[in-house]
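Trainee: make a model of this:
(chains A and B)
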Protein chains: 2
Amino acid sequence: MKTGDLPRTIEWIGGIDGYVSLIDQTQLPETLIRIECRDPQSIWHAIQRLSVRGAPAIGIAAAMGAVLGIRDFAGTDIKEFLSKLDETCDYLASSRPTAVNLSWALERMKCVAKAKGNSNVSDIKNTLLEEAKRIRDEDAAMCREIGRVGESLIEDGMGVLTHCNAGGLATAEYGTALAPMYVAHEKGRSFRVFADETRPLLQGSRLTAWELQQAGIDVTVICDNMAASLMREGKIDLVITGADRIAANGDVANKIGTYGVAVLAKAHEIPFYVAAPRSTIDLATQDGSAIPIEERDPEEVRRGFGRLTAPADIPCFCPAFDVTPAKFVRGLITDAGLVEPVTASGIAEIMKNA
Amino acid sequence: MKTGDLPRTIEWIGGIDGYVSLIDQTQLPETLIRIECRDPQSIWHAIQRLSVRGAPAIGIAAAMGAVLGIRDFAGTDIKEFLSKLDETCDYLASSRPTAVNLSWALERMKCVAKAKGNSNVSDIKNTLLEEAKRIRDEDAAMCREIGRVGESLIEDGMGVLTHCNAGGLATAEYGTALAPMYVAHEKGRSFRVFADETRPLLQGSRLTAWELQQAGIDVTVICDNMAASLMREGKIDLVITGADRIAANGDVANKIGTYGVAVLAKAHEIPFYVAAPRSTIDLATQDGSAIPIEERDPEEVRRGFGRLTAPADIPCFCPAFDVTPAKFVRGLITDAGLVEPVTASGIAEIMKNA
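Mentor: Okay, the predicted model is just below:
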């Protein structure tokens, strides 16, 4: 299967009375099934239970969810309409706290609606649907650009480690961390990807392994605790992960375990890169200490696989993310070029035109 | 429950016509059931499928398995008897390659039998049974001693991280890595243990969490990839793990993931200790590069929990152990005292009286 043939993780089907169709990522790799969402509540729950996940995909889902929330608005009062939109957006923003793309996409929807404030309700509805689709299309274009920017880092014969899933399932198309791999593969380069399985929810073994295998890329699954050994054996030449939020100083919030991989990479002198579109960079967040870290249900650790894997009442620590200080990141692979070294001024520079 | 009340992980029931009773560790924490082994084959399979695991417990099981292999020997020819014993020991030694206690215990059984070579078969059988029980009792005494040697490292209010299970389930009684915790707890000290769940087979969340909870020690389960975050947050003050084999220079083979924890501990300036009886130290192995590392079935990664957690045919890397170079180990907590710093001469010194 070619990269372009990957099923779309999320899309809007039909016109303003249509629906959102998304891959239920909790069911992969066992079954590839799609969920139809026709109201904001089903989008909220799909985000919250991780049926749709990955910072960019969450942003797209939320934008489309905002459309679902207002498309049945029956009145003609613009103020009431905008208030309904605000309410829907606040609700959707509460589904997960860490990824900045979620609030970024919702803010963008609100701005577009306000800018059309002298139009009529029906027009604004259609404008919002167009905007949600544009967010999706722009994300796809940004991912391709990230792939183009980062592909030269992957040389023939390399071993590349990634953590979690920052691939096509997490975004509109090529993904972020996986985009350079897809492009390098399309250019005929031969390399081997190691996918950290990424406990507790196994996005690496379930999703990254699945989509790279579909694209014909050589991929091997490892448990998270095996990465250090592989590094010591010289099997890893490069690490690329995604990001859920990047602070103004370059600190990166990403899936729990990313920080450990970054420290291990540094100890083994292996370059550690983070791939993300500019929408993941949050200049309003000074550094990583200001990023809220979501705590998930301990049952994800205790009963992650439908079977009790720890004493039923044992306390578990279950943060969804961690923060990797900028000093561990060799470079940021963005849709506006490579930021290397990672500095506040380098980040400010690429954000000028964002 | 007090430490002394923990169910015995392995014991011989009855006389020479008795049997080996062991906890099936693959069923914990869901059910506490015991397996009765009446021939060496059932011991071999119990070791191989990890129903009995942990380097010291494997040694004890193998020694008892050797008795099961010769106790029905009907002849009176000593040479034939010893040959039957050798054959049984070779067979049992093939169950797992990394833990040195396995071959150590079997060699000890063979030596004892040879030393009684001018006796009769019936006497040697009884001597071998006594020796197997002695290996168990000595292990229990060594574990208590390890606890006594290491307990002062654990201060009130500390956070202590451990990886895998080197506790009472893995040994005859207090365990190795957990022994200092049990003794510190008995002395009334208050501290918090973080148990790495230890993929793929979850010995940390299934076994360590279970036995520490039984003993009333404050324990929290974390996924392997969360340790780095906790270290950065200052929640870990000390790391103690067990060992499957320690080379003459102090390199340590232990459960996969141990090396990563050691590197992370060093990066966060957290002392990393290894607890083991002298039977785990193998002076014949110069350094870690000479230790054979067992590769396990990739299905342990792909279907670890009775559910497909990766594409069915995806390649997986599945080493059971890794090697931590001596330079990452602050000290060895042994039954003959603390070796700190870890040097070949320090190790040679404590082995003089072994």
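Trainee: please enumerate the helices of chain A.
Mentor: A:40-48, A:55-70, A:78-93, A:100-115, A:121-150, A:179-186, A:203, A:209-214, A:227-232, A:258-267, A:299-302, A:344-351 (DSSP state H).
Trainee: tell me the mean pLDDT for stretch A:181-199?
Mentor: Stretch A:181-199 shows a mean pLDDT of 97.
Trainee: looking at it, residue A:199 is touching residue B:225, isn't it?
Mentor: Yes - using C-beta atoms under 8 Å, residue A:199 makes contact with residue B:225 at a distance of 6.0 Å. Any C-beta I mention is one placed from the backbone N, CA and C, and that applies to glycine too.
Trainee: between the two, tell me which one has more neighbours.
Mentor: The neighbour comparison of residue A:199 against residue B:225 (other C-beta atoms under 10 Å in any protein chain shown) goes to residue B:225, with 31 against 26.
Trainee: look up phi and psi at the closest residue in space to the more buried one that isn't next to it in sequence.
Mentor: In space, residue B:225 comes closest to residue A:257 once its chain neighbours are excluded; the distance is 2.8 Å by C-beta to C-beta, 6 or more residues apart in numbering or on different chains. Backbone torsions of residue A:257, given as degrees, to the nearest 10, read phi 110, psi -20.
Trainee: gap between residue A:257 and residue B:260?
Mentor: Distance of residue A:257 to residue B:260, computed by C-beta to C-beta, to the nearest Å: 11 Å.
Trainee: so what sits against both of the two?
Mentor: residue B:224 (C-beta atoms under 8 Å, 6 or more residues apart in numbering or on different chains).
Trainee: if we can go back for a sec, in JSON lines, list the helices of chain A along with distance to residue A:221 and mean neighbour count.
Mentor: Listed next are the helices of chain A as JSON lines, based on distance: least, C-beta to C-beta, whole Å; neighbours: other C-beta atoms under 10 Å in any protein chain shown:
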{"stretch": "helix A:40-48", "distance to residue A:221": "26", "mean neighbour count": "20"}
{"stretch": "helix A:55-70", "distance to residue A:221": "22", "mean neighbour count": "28"}
{"stretch": "helix A:78-93", "distance to residue A:221": "33", "mean neighbour count": "18"}
{"stretch": "helix A:100-115", "distance to residue A:221": "27", "mean neighbour count": "20"}
{"stretch": "helix A:121-150", "distance to residue A:221": "22", "mean neighbour count": "20"}
{"stretch": "helix A:179-186", "distance to residue A:221": "15", "mean neighbour count": "25"}
{"stretch": "helix A:203", "distance to residue A:221": "12", "mean neighbour count": "27"}
{"stretch": "helix A:209-214", "distance to residue A:221": "5", "mean neighbour count": "24"}
{"stretch": "helix A:227-232", "distance to residue A:221": "12", "mean neighbour count": "24"}
{"stretch": "helix A:258-267", "distance to residue A:221": "15", "mean neighbour count": "26"}
{"stretch": "helix A:299-302", "distance to residue A:221": "19", "mean neighbour count": "19"}
{"stretch": "helix A:344-351", "distance to residue A:221": "33", "mean neighbour count": "15"}
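Trainee: can I get those in JSON lines including distance to residue B:95?
Mentor: Formatted as JSON lines, those follow (distance: least, C-beta to C-beta, whole Å):
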{"stretch": "helix A:40-48", "distance to residue B:95": "46"}
{"stretch": "helix A:55-70", "distance to residue B:95": "47"}
{"stretch": "helix A:78-93", "distance to residue B:95": "56"}
{"stretch": "helix A:100-115", "distance to residue B:95": "51"}
{"stretch": "helix A:121-150", "distance to residue B:95": "47"}
{"stretch": "helix A:179-186", "distance to residue B:95": "40"}
{"stretch": "helix A:203", "distance to residue B:95": "35"}
{"stretch": "helix A:209-214", "distance to residue B:95": "31"}
{"stretch": "helix A:227-232", "distance to residue B:95": "23"}
{"stretch": "helix A:258-267", "distance to residue B:95": "32"}
{"stretch": "helix A:299-302", "distance to residue B:95": "31"}
{"stretch": "helix A:344-351", "distance to residue B:95": "55"}
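Trainee: ok, how many other residues are close to the residue nearest to residue A:346 when sequence neighbours are not counted?
Mentor: Excluding its sequence neighbours, the residue lying closest to residue A:346 (C-beta to C-beta, 6+ apart) is residue A:339, at 4.4 Å. For residue A:339, the neighbour count with other C-beta under 10 Å is 23.
Trainee: which residues touch residue A:161?
Mentor: Per C-beta under 8 Å, 6+ apart, neighbours of residue A:161: A:193, A:194, A:196, A:227, A:230, A:231, A:236, A:238, A:239, A:240, A:261, A:265.
Trainee: I'd like those residues laid out as CSV, including distance to residue A:48.
Mentor: Output for the contacts of residue A:161, formatted as CSV (distance: C-beta to C-beta, whole Å):
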residue, distance to residue A:48
A:193, 29
A:194, 30
A:196, 24
A:227, 29
A:230, 34
A:231, 35
A:236, 34
A:238, 34
A:239, 29
A:240, 28
A:261, 26
A:265, 32
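Trainee: what residues sit buried inside stretch A:14-22?
Mentor: Residues of stretch A:14-22 classed as buried by neighbour count (16 or more other C-beta atoms under 10 Å in any protein chain shown): A:18, A:19, A:20, A:21, A:22.
Trainee: can you give me the mean pLDDT across it?
Mentor: 97.
Trainee: what parts of the stretch 151-300 of chain A come near chain B?
Mentor: A:163, A:194, A:196-200, A:202, A:205-206, A:209-210, A:213, A:219-230, A:232, A:256-257, A:259-261, A:263-264, A:266-267 (C-beta under 8 Å from any C-beta of the partner chain).
Trainee: count the neighbours of the residue lying closest to residue A:166 once chain neighbours are set aside for me.
Mentor: Among residues not flanking residue A:166 along the chain, residue A:242 sits closest, at 2.5 Å (C-beta to C-beta, 6+ apart). Residue A:242 has 31 neighbours, counted by other C-beta under 10 Å.
Trainee: residues contacting residue A:307?
Mentor: Residue A:307 makes contact with B:30, B:305, B:306, B:307, according to C-beta under 8 Å, 6+ apart.
Trainee: hmm, 10 Å instead?
Mentor: B:30, B:304, B:305, B:306, B:307 (C-beta atoms under 10 Å, 6 or more residues apart in numbering or on different chains).
Trainee: and for residue A:65?
Mentor: A:20, A:37, A:39-44, A:46-47, A:52, A:58, A:88-89, A:91-92, A:95, A:105-106, A:109, A:132.
Trainee: gap between it and residue A:104?
Mentor: 14 Å.
Trainee: need the pLDDT of residue A:348.
Mentor: The model's pLDDT for residue A:348 equals 98.
Trainee: returning to that earlier point: from the contacts of residue A:161, pick the one nearest residue B:147.
Mentor: residue A:227 (32.3 Å; C-beta to C-beta).
Trainee: thought the closest one was touching residue A:267?
Mentor: No - Residue A:227 is beyond contact range of residue A:267, at 11.4 Å (criterion: C-beta atoms under 10 Å).
Trainee: give me the common contacts of those two.
Mentor: Joint contacts of residue A:227 and residue A:267 (C-beta under 10 Å, 6+ apart) are residue B:260.
Trainee: any idea how chain A splits into domains?
Mentor: Domain assignment for chain A, taken from automatic domain parsing, gives A:3-144, A:150-350.
Trainee: which ones are touching the residue nearest to residue B:225?
Mentor: Going by C-beta under 10 Å, 6+ apart, the list of residues near residue A:257 reads A:163-164, A:196-199, A:204, A:224-225, A:227, A:241, A:319, A:321-322, B:223-229.
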